[in-house]
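Trainee: sequence first, predicted model second:
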Amino acid sequence: MAILEFGSYYHIFNRGIDSAKIFNQKEDYEHFLELYKKYIPLIADTYAWTLMNNHFHFLVRIKDENEIGFLVHLTGSNKIEKWKVVFSEEASPLDIVGNKLKKPNPSRQFSHLFNAYSKWFNNKYHRTGGLFEKGFRRKEVENEHYLTHLVYYIHHNPLHHGIVKKYTSYQWTSYLDFIEGQSTIIDVKKVIDWFDDLGNFVFFHQEEHEFSLIDDLLID
């Protein structure tokens, strides 16, 4: 399992086995994003993403350990969700005495995401076996100056692979989240601050940038 350190930035990537498709229809992209919203915001902030038909990219920051709440099992609950998130000061004495507290593990949350999607995908398309390459790949971003270039790279990925002629016309990236100013996944304000303002964000994306600066952070 890929180890993800608390408080660190990562470029997260995975692809289908033998580069096979992992998204065939609009519903597939949408379902993956819904699962992402279920598993990942618990343990990470997300700053950019793109979903391609056979792979994906995410730029995330794993939260500090004290930012991550505990999952508390709802014993005897009739709710579909059997866990809720609390922080230590919110946990009841019964939770603590009964050893019910469980802090989500960042690496395991990503594994839960991929496993849940693989199970759903296999059931939908009547297939068996693994969907993704074993494990997921990640590159730690140790220089925050590289973050703007990674956002650019991720949003330009569909253009880089020749899927579209304009990166702004591709539906399955976070670029339009910034233009529209809202998102259920992206920390829009944080990213815009890296570019100073929305105008500079748009201008930076319109310019051509060499990927050599972040070559050691690229995975495909």
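Mentor: Here it is on my side, so go on.
Trainee: okay, now the domains of the protein?
Mentor: Domain assignment for the chain by automatic domain parsing gives 9-65+105-217, 69-102.
Trainee: most packed of those?
Mentor: Counting by mean count of other Cβ atoms under 10 Å, domain 9-65+105-217 has the highest mean neighbour count of those, with a mean of 16. C-betas here are computed from N, CA, C, even on glycine.
Trainee: what mean pLDDT does that one get?
Mentor: Average pLDDT, domain 9-65+105-217: 90.
Trainee: show me how far that domain is from its chain's centre.
Mentor: Between the centre of domain 9-65+105-217 and the centre of its chain there are 6 Å (Cα atoms, centre = their mean, to the nearest Å).
Trainee: strands along this structure, start to end?
Mentor: 9-15, 44-51, 55-62, 70-73, 83-86, 101-102, 137-141 (DSSP state E).
Trainee: residue 113: what's its closest spatial neighbour, skipping adjacent residues?
Mentor: Leaving aside its chain neighbours, residue 113 sits nearest to residue 39 (4.4 Å; criterion: Cβ to Cβ, 6 or more residues apart in numbering).
Trainee: from what I can see the one you found touches residue 109, true?
Mentor: Yes: between residue 39 and residue 109 a contact is recorded at 4.9 Å, counting by Cβ atoms under 8 Å.
Trainee: please report phi then psi for residue 184.
Mentor: phi -90, psi 0 (degrees, to the nearest 10).
Trainee: check the gap between it and residue 33 for me.
Mentor: Applying Cβ to Cβ, to the nearest Å, the value for residue 184 to residue 33 is 9 Å.
Trainee: with residue 194 instead?
Mentor: 23 Å.
Trainee: same thing with residue 39?
Mentor: For residue 39 relative to residue 33 (Cβ to Cβ), the value is 11 Å.
Trainee: and for residue 205?
Mentor: 21 Å.
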